[in-house]
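>>> fold the following and give me the result.
(one chain, ligands or ions: 1)
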Amino acid sequence: MLKKNLELKSLPVISFPTVEDVDAIQGLISQFSVNSKSPRVLLPRSEESILTDLHSFILLKMDEVIVGCVSLKIWSRDRAEVRSLAVKPGLQGYGIGKQLLKELSTRAKQLKIKTLFALTVTPEFFKKSGFHVVPKLRFPEKIVGDCLNCSFQTNCLEVAVSKTLLRAIK
Ligand SMILES: CC(C)(COP(=O)(O)OP(=O)(O)OC[C@H]1O[C@@H](n2cnc3c(N)ncnc32)[C@H](O)[C@@H]1OP(=O)(O)O)[C@@H](O)C(=O)NCCC(=O)NCCS
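Next comes the predicted model:
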């Protein structure tokens, strides 16, 4: 349920990207991933990495314009990461991020992924959707795959959050 939908001109619509959306996706992500003095909150995504992972993206569009994006990175049979979650500045706080996270959780559940996680500087946002703060070391594949190559490795402000989607059958 969107929090302030009465204030939006039109309701965001879930959309799956085409190659024509790559530049707009990259433009949105880069607003939160450029290397500057302010803390970087998203990993930069090259055009090539967005194209390669295009099938893993979910978009929300308003009047055909992308207002939010998110992608699913599968690290193992059990675990997947919420990646590149971004809502257009000016449209934050309207429930768009929450809706994208819900859609991504649904997709991960359909894939029978047991745990969805993220490394984030906004754990409070994730907690509103049922995630819990957990030790980063719970995701060694992420640390080896991304963190060890990251320029913010020594002054990283991110915390790990995780949500169990499917319980293991004992
Ligand atoms: C973080 C982000 C995705 C949230 O999207 P959003 O559309 O603004 O958030 P929503 O309106 O869906 O908020 C959902 C809930 O989280 C809360 N919330 C959102 N951002 C929050 C924040 N920074 N701190 C605390 N709570 C927050 C909202 O108050 C709302 O609570 P409610 O359900 O009780 O009403 C968005 O602000 C963004 O793109 N930020 C920059 C990039 C980023 O940090 N991405 C996440 C990296 S993993």
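>>> only C-alpha atoms for contact and neighbour calcs from this point on.
Will do.
>>> quick check: residues of this protein near the ligand?
32, 41-42, 85-87, 92-98, 118-120, 122, 124-125, 128 (C-alpha under 6 Å from any ligand atom).
>>> so which residue is smack in the middle of the protein?
Centroid-nearest residue in the chain: residue 85, 2.9 Å away (criterion: C-alpha atoms, centre = their mean).
>>> give me the buried positions along the lowest-mean-pLDDT helix or strand in the chain.
In the chain, the helix or strand scored least confidently by mean pLDDT, DSSP states H and E is helix 140-145, which has a mean of 87. The neighbour-count check on helix 140-145 (16 or more other C-alpha atoms under 10 Å) flags residue 142 as buried.
>>> next secondary structure after it?
With elements assigned by DSSP states H and E, the helix or strand that comes after helix 140-145 is strand 159-164.
>>> so what strands line up beside that following strand?
strand 115-120 (antiparallel), strand 132-134 (antiparallel) (DSSP bridges).
>>> what packs against the helix or strand harbouring residue 124?
Assigned by DSSP H and E, residue 124 belongs to helix 123-127. Applying 3 or more C-alpha pairs under 8 Å, 6 or more residues apart in numbering; DSSP states H and E, we find helix 123-127 packed against strand 132-134, strand 159-164.
>>> thinking again about what came up before, three-state assignment of the residue nearest to the centre of the chain?
Of the three states, residue 85 takes strand under DSSP: H, G, I helix; E, B strand; the rest coil.
>>> for the residue nearest to it when sequence neighbours are not counted, what are phi and psi?
Excluding the flanking residues, the one nearest residue 85 by C-alpha to C-alpha, 6 or more residues apart in numbering is residue 70, at 4.2 Å. Note on residue 70: backbone dihedrals following degrees, to the nearest 10 are phi -160, psi 150.
>>> list the contacts of the residue nearest to the centre of the chain.
The contact partners of residue 85, by C-alpha atoms under 8 Å, 6 or more residues apart in numbering, come to 29, 42, 68-71, 97, 100.
>>> which among those gets closest to the ligand?
residue 97 (3.5 Å; C-alpha to the nearest ligand atom).
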